[in-house]
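Participant: fold the following and give me the result.
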Amino acid sequence: MVLDKQKVFETLRCPSCRGHLEFAQAQNELVCANCDLSFPIINEIPRLLLSPFREALLGNSATSGASGIHAKEIEVALSFGFEWQRFPEMYEEWERQFLDYMHPHGP
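Facilitator: As a prediction, this is how the structure comes out:
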C-alpha cells in the first residue's frame, strides 16, 4: 500500500492543540502553524510526540521523574515500543482491520 504524502500531511494534526502541521523541508520536521511546536520526521515517519514522551522514549528522562498521568502514559508507550520491536511482522488481516478502523475518521 502506497500512501500519498500530501494526503497524509493534510490529515495529521498537532497532538497538543490540533493545529495544522506544515512541512519544514530544511529541518525535515513538521511544525504546528498554531502553537509552533515541531516534530521530527525520522526514517520517513513523523514522530508526533509531545516533549515529556519524546524525552522519555529517547532515554533523556526517567519515567519515575514524570508526574501523574504522564508517567502511566510513558509506561504504556514504552510497553508498545517493546511489542513493536519484539513482534515486527504485520499480518494482512491486522493491516485490513487497522485500515477499516481508520477509514471513517477525518483529520
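Participant: how many other residues sit next to Phe23?
Facilitator: Neighbour count of Phe23, defined by other C-beta atoms under 10 Å: 15. Heads up, the C-betas are built off the backbone N, CA and C, glycines and all.
Participant: do the one 10 residues further on as well
Facilitator: Ala33 has 11 neighbours, counted by other C-beta under 10 Å.
Participant: residue contacts, it?
Facilitator: Gly19, His20, Leu21, Glu22 (C-beta atoms under 8 Å, 6 or more residues apart in numbering).
Participant: what ranges do the strands span in this protein?
Facilitator: Counting by DSSP state E, one finds strands in the chain at the ranges 21-24, 29-32, 38-42, 45-46.
Participant: want to throw the contacts of Ala33 into a markdown table with distance to His70?
Facilitator: Putting those into a markdown table (distance: C-beta to C-beta, whole Å) gives the following:
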| residue | distance to His70 |
| --- | --- |
| Gly19 | 21 |
| His20 | 25 |
| Leu21 | 22 |
| Glu22 | 27 |
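Participant: return the closest of those residues with respect to Glu10.
Facilitator: His20 (8.5 Å; C-beta to C-beta).
Participant: what's the distance between Leu37 and Arg47?
Facilitator: Separation of Leu37 from Arg47 (C-beta to C-beta, to the nearest Å) stands at 12 Å.
Participant: so between those two, which is more surrounded?
Facilitator: Leu37 (18 against 15).
Participant: where does that one land on pLDDT?
Facilitator: Note for Leu37: predicted pLDDT of 93.
Participant: please apply the same query to Gln27.
Facilitator: The predicted local confidence for Gln27 is 90.
Participant: relative to Leu37, how far out is it?
Facilitator: Distance, Gln27 to Leu37, using C-beta to C-beta: 13 Å.
Participant: which parts of the helix ranked longest in the chain are buried?
Facilitator: Longest helix of the chain, by residue count under DSSP state H: helix 68-86. Of the residues in helix 68-86, Ala71, Glu73, Ile74, Ala77 count as buried by neighbour count, 16 or more other C-beta atoms under 10 Å.
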